[in-house]
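> curious how this folds, go ahead:
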Amino acid sequence: MEAQNRIILHCDLNSFFASVELLSHPELKDVPVAVCGDPQSRHGIILAKNEPAKKFHIQTAETIWQAKKKCPDLVLLPPHHDRYHIYSRKVNDIYERYTDLVEPFSIDESWLDLTGSLHLFGGDAKAVADEIRCRIREELGLTVSVGVSFNKIFAKLGSDYKKPDATTVISPENWKSIVWPLPVGALLFVGKAAQTVLHQYGIETIGQLAACKPDMLESLLGKMGLQLYDYANGLERAPVRARDDREPVKSVGNGTTFRKDLTTRDQVRTGIALLADSVAMRLRAAGLYAGGVQVTIRTPDFKNKQRQKQFPAPTHLMRDLTDGAMELVAASWKPPEPIRMLTITAINLSPEDVAFEQVDLFAGDSVPRKEKQEKLETTMDAIRGKFGTDAIRFGNPIKNEEKS
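Now for the predicted structure:
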């Protein structure tokens, strides 16, 4: 089947955290409401807001005191992440009534491939999208915006195009008139760094990006430049994968080569924490837990030291990975011996359901402490999911690193 004959939907739940909280507070539906990490603290962070709050320009990831300055009557509610996961599963169950090809992209977004099943529901993709929106509204009390297109990238652009509770069709006939005038930052994976580089060359819209020569974009952005060229020109062909169709992940790792060698424990711990944060975030996104951690240390003369250890219980928390990695480093390195590169790898991975059984056996008195850290790190995931991985970080970053 030709690529432009595919029927791909991207479904994005509107103000998801806030909408779930308002199910328990229907009296607040028409007043400005925000979900935040710590309602008692002026320095807590806004995680989500409802439509009335958006009219006051309340921004996700800004502090509570900043939001309150814009809207003194803003109602603040604490998050309940367990509820969000429950409703996310319920929503995806509705999607699976229409196709077995449902690929969650985050807790509140999923792609659906209706190419093989659309005929079972009347053959009109927009009508099916509208029906899905209606079912979610009636059965769960939530709203969703849906993009309909012939590839995943344009389907996501469609779900972002008009909100809330709307359907946008980006077809083989109209995609250039809809997509090309949009700012280049609207394209998936075009972050602030890429926007800055493209801006320097006068590339402000997706259409201008599409008109560039591929080799020029490759020279500016590496392999990502070629990928963005395909995205801008409607050439993206990635399949929508069902949850059971994904290849098992054996390890998740991240490494950094430093422009200046690390020579102190504080420098090393900061570097490890940044790498562990990235690895932990990817574990949680994949629904995986690590049974152990591996550390690779490279010296300026390119000699490697590699160590690994097992955890008493599976984890997907940055703090556990950091502590475990630091134990390994402490056993094989003494300051001020210079370190050129560090790599942190989560090993012996297990899926969420298996890991929970093992965690229960070893939890003991650490449960409250683990729950607090779990809420903190999943809250950061939510912020990064909306604003990019650089939106918020643990601690002070080392400013001399180069990704390897």
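> drop to CA atoms for contacts and neighbour counts, all remaining ones
OK.
> tell me where the stretch 301-404 of the chain is predicted with low confidence.
Scanning the stretch 301-404 of the chain for pLDDT under 70 picks out 352-372, 381-382, 384-404.
> okay, helices next: where are they in it?
318-332, 352-362, 367-387 (DSSP state H, counting those that start in this stretch).
> start and end of stretch 16-27, how far apart?
With C-alpha to C-alpha, to the nearest Å applied, stretch 16-27 spans 18 Å between its terminal residues.
> no no, stretch 87-102
Stretch 87-102 end-to-end distance (C-alpha to C-alpha) = 16 Å.
> just how off-centre is it within its chain?
Here stretch 87-102 is found 19 Å from its chain centre; the criterion is C-alpha atoms, centre = their mean, to the nearest Å.
> how many residues are close by Lys15?
One correction, residue 15 is Ser, not Lys. Ser15 sits with 21 neighbouring residues when counted by other C-alpha atoms under 10 Å.
> can you pull the contacts of it?
Contacts for Ser15 (C-alpha atoms under 8 Å, 6 or more residues apart in numbering) come out as Ala48, Lys49, Asn50, Glu51.
> repeat the analysis, applying 6 Å as the threshold.
Asn50 (C-alpha atoms under 6 Å, 6 or more residues apart in numbering).
> Asn14 and Val144 touch, don't they?
Yes. Contact criterion C-alpha atoms under 6 Å: Asn14 and Val144 qualify, at 5.3 Å.
> how near is the closest residue to Asp277 other than its chain neighbours to Leu220?
Leaving aside its sequence neighbours, Asp277 sits nearest to Met318 (C-alpha to C-alpha, 6 or more residues apart in numbering; 4.9 Å). Met318 sits 32 Å away from Leu220, going by C-alpha to C-alpha.
> now swap in Glu139 and tell me
Glu139 is 48 Å from Leu220, by C-alpha to C-alpha.
> counting neighbours, what do you get for the residue nearest to Asp277?
Neighbours around Met318, by other C-alpha under 10 Å: 24.
> do you know how far it is from Ile344?
11 Å.
> who's more crowded, Asn14 and Val144?
Shown here are Asn14 and Val144; by other C-alpha under 10 Å, Val144 has more neighbours (27 against 21).
> which residues touch the more buried one?
Val144 neighbours (C-alpha under 6 Å, 6+ apart): Asp12, Leu13, Asn14, Arg133, Asp165.
> most surrounded residue in the residues you listed?
With neighbours taken as other C-alpha under 10 Å, the top of the contacts of Val144 is Asp12, carrying 26 neighbours.
> where does that residue land on pLDDT?
pLDDT, Asp12: 96.
> what is it paired to in the beta sheet?
Beta-bridge pairing for Asp12 (DSSP bridges): Glu109, Ser145.
> how much space separates Ala330 from Val268?
10 Å.
> pick out whichever of the two has more residues nearby.
Val268 (18 against 11).
> so that one, which state does it fall into?
helix (DSSP: H, G, I helix; E, B strand; the rest coil).
> gap between the helix or strand encompassing Ser219 and the chain center?
Counting by DSSP states H and E, the element that carries Ser219 is helix 214-221. Relative to the centre of its chain, helix 214-221 is centred 26 Å away, using C-alpha atoms, centre = their mean.
> for the closest residue to Asp230 other than its chain neighbours, give its distance to Ile8.
Leaving aside its sequence neighbours, Asp230 sits nearest to Glu236 (C-alpha to C-alpha, 6+ apart; 5.7 Å). Distance of Glu236 to Ile8, given as C-alpha to C-alpha: 12 Å.
> same check on Val279?
Distance from Val279 to Ile8, by C-alpha to C-alpha: 30 Å.
> hang on, Thr168 in a strand?
Yes. Thr168 forms part of a strand when assessed by three-state DSSP.
> so it makes contact with Phe154?
No. Counting by C-alpha under 6 Å, Thr168 does not reach Phe154; the two are 10.2 Å apart.
> neighbour count winner among these two?
The neighbour count for Thr168 versus Phe154, taken as other C-alpha under 10 Å, is higher for Phe154 (28 against 23).
> buried set for the host helix or strand of the more buried one?
Using DSSP H and E, Phe154 maps to helix 152-161. If you call a residue buried by 16 or more other C-alpha atoms under 10 Å, then helix 152-161 has these buried ones: Lys152, Ile153, Phe154, Ala155, Lys156, Leu157, Gly158, Ser159, Asp160, Tyr161.
> between these, which sits nearest Gly185?
Using C-alpha to C-alpha, Leu157 comes nearest to Gly185 of the buried residues of helix 152-161, at 10.9 Å.
> now stretch 149-156: how far from the chain's centre is it?
18 Å.
> now for Ser145, how many residues are close by?
Quick note: Ser145 (other C-alpha under 10 Å) scores 26 neighbours.
> where does it land on pLDDT?
Value for Ser145, per-residue pLDDT: 97.
> against Gly234, how distant is it?
21 Å.
> would you map the strands across the protein?
Residue ranges of the strands in the chain, as given by DSSP state E, are 8-13, 33-36, 46-49, 75-77, 102-106, 109-113, 144-149, 167-169, 252-262, 288-298, 304-315, 339-351, 401-403.
> who wins for proximity to Ile206 among those?
Using C-alpha to C-alpha, those put strand 144-149 closest to Ile206, at 16.7 Å.
> now for Ala53: which residues touch it?
Taking C-alpha under 6 Å, 6+ apart, one finds Pro32, Val33 in contact with Ala53.
> switch to 10 Å and redo it
By C-alpha atoms under 10 Å, 6 or more residues apart in numbering, the contact list for Ala53 reads Asp30, Val31, Pro32, Val33, Ala34, Gln59, Ala67, Lys70, Cys71, Asp73, Leu74, Val75.
> pretty sure Glu109 sits against Tyr87.
No. Look at Glu109 against Tyr87 with C-alpha atoms under 10 Å: they stay out of range, at 11.9 Å.
> which neighbours do these two share?
With C-alpha under 10 Å, 6+ apart, Glu109 and Tyr87 have common neighbours Phe16.
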